[in-house]
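*Asks:* sharing a model prediction with you, sequence too.
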Amino acid sequence: MDQGFYWVQQGDTQPEVWYFADGEGGGWFKPNKSLPVHPEDFVSQGYNVISERLAPPGE
């Protein structure tokens, strides 16, 4: 998984854009949260990535 922004959804909830940072101290960052969700916790809590990495406008 490449570092960047992705659409994420948990079950039937409204999708949100989350940030994925790789490397030490990385993981999945929820909107407005400064502490990451560890990748294993991300999966065990039922979150799914529903898009490819989002590209910045004009890219």
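*Replies:* Received the coordinates, thanks. Numbering: from 1, shown residues only.
*Asks:* and the gap between the residue nearest the centre of the chain and residue 9?
*Replies:* The residue lying closest to the centre of the chain (Cα atoms, centre = their mean) is residue 18, at 3.7 Å. When distance is defined by Cβ to Cβ, to the nearest Å, residue 18 is 10 Å away from residue 9. For the C-beta atoms, the positions are set from N, CA and C on the backbone; glycine is no exception.
*Asks:* next one: residue 39
*Replies:* Distance from residue 39 to residue 9, by Cβ to Cβ: 16 Å.
*Asks:* any idea what the residue nearest to the centre of the chain is bridged to?
*Replies:* residue 6 (DSSP bridges).
*Asks:* helices of the protein, start to end?
*Replies:* 39-44 (DSSP state H).
*Asks:* could you pull out the strands for it?
*Replies:* Using DSSP state E, the strands of the chain run over 4-10, 16-21, 27-29, 47-49.
*Asks:* so how far is stretch 41-59 from its chain's centroid?
*Replies:* 5 Å (Cα atoms, centre = their mean, to the nearest Å).
*Asks:* give the buried residues for it.
*Replies:* Of the residues in stretch 41-59, 42, 47 count as buried by neighbour count, 16 or more other Cβ atoms under 10 Å.
*Asks:* and for that stretch, what's in contact with it?
*Replies:* Stretch 41-59 has contacts (Cβ atoms under 8 Å, 6 or more residues apart in numbering) with 1-2, 4-11, 15, 17, 27-28, 37.
*Asks:* what subset of the residues you listed is buried?
*Replies:* For these, a neighbour count by 16+ other Cβ under 10 Å gives the buried set as 6, 8, 9, 27, 28, 37.
*Asks:* pick out the most distant pair among those.
*Replies:* 9 and 27 (17.4 Å; Cβ to Cβ).
*Asks:* average model confidence for stretch 37-54?
*Replies:* Stretch 37-54 shows a mean pLDDT of 96.
*Asks:* and the end-to-end length of that stretch?
*Replies:* One end of stretch 37-54 to the other measures 19 Å (Cα to Cα, to the nearest Å).
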